[in-house]
Structures are given as structure tokens and as C-alpha cells.
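> Provide a 3D model corresponding to the input given below.
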Amino acid sequence: MRIGNNYLNQTNRLSNLSNLLLQRSQQLASGNRLVNAAVDPAGFTIAQRLNTQFRSAYQAVRDIYDGIGALNVADQGVSSIQDTLNRMKELATRAANDTLPEEARSAIQEEFNQLKQGITDTVRETQYNNQQLLNGEFNAELPLDTTGKNNLNVEIQDMRPDALNLENINLTTQEGAENALNTLENALDQVNGTRTQIGSYVNRLGKAAENLLNTAENAGTGEERIAGADMARTMAEYMRNQNLRQMTSMLLGQTGQLNAASVLNILQSP
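Purely as a prediction, here's the structure:
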């Protein structure tokens, strides 16, 4: 029957409009045009790839900044040790004076020992996320990109007094003080080299983070361009579909009444 076919067509149209209306409402709520792959399969695939690229770059940047944070804490600790070594060298220079009385040398040695303990304390207290940074055990692989293959191996030298050859320094004699000057100069060179190395790590990681942020920004912009919903257009389509659904529903009701009447006439005909 022609009326029956029209009724089925209107029913299908109403179902399609309801689905479109649901889709537009989801797009309006999320701000995302690609609420599912059916909206645009090719665009959905590209958007997902860009989203993965964005998330990977963002996570790599987080890892890099964690590493930079650890290196900044380490640099502060090494800077403190550097200041302590400079004071130790001053004490050794004073103790190397041949005219210095014995009791003065003993006082110098006592201060030196306290400073050495201070270095031990600094090494112990210089931590990042409960990880020791200056005891020679810190070793980290930090990403320079999102491939997982290009990493920077970060190591920090041991800054404990025994690693700096400070344990056997004796400033109670002129000869011991003169020998200590060479030892302290070498320790300062070692500490200065460590600070320079830390600085080079931070600079390289900072550049990598900058590049990754650009990658993340470009990926995010690309994804938004593909997947982002045009809110004004989507709202207009939502209102249009809503009106069409109301009209279709009304027509469907009228068609249903006609169908019922037609069937009744057929049954009543002789």
C-alpha cells in the first residue's frame, strides 16, 4: 500500500533525525565534532593520530621538566659545596703560614672538620622525589623527543668528602696545609666541572622541551581544526533537526491515523 510505504519512510526519517539530533547534542556538549568514527572516518583517524602525538609530546615535556627540576636542586647543593670548599681553601692558606701558633692550627682544623661534615650533610639532604642526587648514584635517561630512542643520559658525580679526597686533610702542620691546598684546588675543579655539566644538561633539555612544546602545540591545533565543532553551525543544525523531527513526528501521527482508517475501510468493505 502506498500509504503504508509512506508510513515506513516517515518512520525511517524520524529515526535518522533522532540520531542526528543526538549526535549534534553530543557535539555541543563536548565541543568535539568527531564524537564517534562514523561522523568522519578519515578525519577521525587523523585526529586520533594527532591526539596521540600531542599526548606523547606533552608527557615527554613533563618528564624533561622533572629532570630539569632534579638538576636545579642538584646545582643548588653543588653550589653550597663549592662555597664550603672555598672557605676550606681559605683555612688551608691560613694554616700554611709558618708563623701561625699551634693552638690556632687546632682551631682551624676544628672548623675544617665542621665544614667537611657540612658537605656530608649537604649531600645527604640534596634530594628530589626522595632520590639522592649527589652521592654518585643518580643516573637518569631523559627524553629528547617522543621516539623513545633519543635520550639524554644524565649523571652527577659523587660529591661526598671522600670522593673529593677531603678525609685525610691535616691542617695542624704547615706541610699538611700546603698539601691540602693542592687537594682543595682539585676538589674545586671537580665541583666546578660538575656544575658546568649540570648546566649543559639543563640547556640541552630546555631546548628539547621547547621543540616538544612546539610539536604538541602544532598537533593540538591540527586536531582542533579537524575535530573541533563549529559551535554556531552545530547549534543551527541542532535546531533545524529538532524542528524537522517535530514535523516528521506530527506527520507520522497523521499517517498512522490514515493507515488505521484505511485498514478499517478494507475490513468493512463487502
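> okay, helices next: where are they in the chain?
2-30, 41-95, 102-125, 174-227, 231-268 (DSSP state H).
> so for the first one, mean pLDDT?
Looking back up the chat, that one is helix 2-30. Averaging pLDDT along helix 2-30 gives 54.
> one more: the third one?
Mean pLDDT, computed over helix 102-125, is 94.
> that one to helix 174-227, inter-axis angle?
Between helix 102-125 and helix 174-227, the angle comes out at 20 degrees (axes from the mean of the first three to the mean of the last three CA atoms, to 10 degrees).
> show me what helix 102-125 is packed up against.
Contact partners of helix 102-125 among helices and strands, from 3 or more CB pairs under 8 Å, 6 or more residues apart in numbering; DSSP states H and E: helix 41-95. Every C-beta, even on glycine, is put in place using the N, C-alpha and C of the backbone.
> quick one: Q132 and K149, what's the gap?
28 Å (CB to CB, to the nearest Å).
> I should have written A177 there, sorry.
52 Å.
> about what we covered before: go through the helices of the chain and find the least confident stretch.
Across the helices of the chain, the lowest-scoring stretch is helix 231-268, with a mean of 49.
> so what's L134 up against?
Taking CB atoms under 8 Å, 6 or more residues apart in numbering as the criterion, L134 is in contact with 74, 77-78, 81, 122-123, 126, 156, 158-160.
> higher neighbour count, A177 and K149?
A177 (25 against 8; other CB atoms under 10 Å).
> can you count the residues close to the residue lying closest to that one once chain neighbours are set aside?
Distance criterion CB to CB, 6 or more residues apart in numbering; nearest residue to A177, sequence neighbours excluded, is A95 at 3.6 Å. When counting by other CB under 10 Å, one arrives at 25 neighbours for A95.
> would you confirm that A95 contacts I108?
Yes: using CB atoms under 8 Å, A95 is in contact with I108, at 4.9 Å.
> what do these two both touch?
In contact with both A95 and I108: L171, using CB under 8 Å, 6+ apart.
> adding neighbour count and distance to N182, write the contacts of L134 out as TSV.
Formatted as TSV, the contacts of L134 follow (neighbours: other CB atoms under 10 Å; distance: CB to CB, whole Å):
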residue	neighbour count	distance to N182
A74	25	27
G77	20	25
V78	24	21
I81	26	18
T122	20	23
V123	23	23
T126	24	27
I156	25	24
D158	16	20
M159	26	19
R160	19	20
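> now flag whichever of those is closest to Q197.
Among these, I156 lies closest to Q197 (CB to CB), at 7.8 Å.
> correct me, but the closest one touches Q132?
No: between I156 and Q132 there is no contact under CB under 8 Å: 9.6 Å.
> common neighbours of the two, please.
F138.
> ramachandran angles for the closest residue to N186 other than its chain neighbours?
Excluding the flanking residues, the one nearest N186 by CB to CB, 6+ apart is N165, at 7.0 Å. Main-chain torsions, N165, degrees, to the nearest 10: phi 60, psi 40.
> which residues does N165 contact?
183, 186-187.
> measure A70 to L133 for me?
For A70 relative to L133 (CB to CB), the value is 6 Å.
> care to break the protein down by domain?
Residue ranges for the domains of the chain, per automatic domain parsing: 2-31+233-263, 43-226.
> hey, which of the ones you listed is tucked in deepest?
domain 43-226 (a mean of 17; mean count of other CB atoms under 10 Å).
> surely A60 meets D145?
Yes: using CB under 8 Å, A60 makes contact with D145 at a distance of 7.0 Å.
> overlap in contacts of these two?
Joint contacts of A60 and D145 (CB under 8 Å, 6+ apart) are L212.
> identify the residues contacting the closest residue in space to T194 that isn't next to it in sequence.
Nearest residue to T194 in three dimensions, chain neighbours excluded: Q157, at 5.0 Å (CB to CB, 6+ apart). By CB under 8 Å, 6+ apart, the contact set of Q157 is 136, 163, 190, 193-194, 197.
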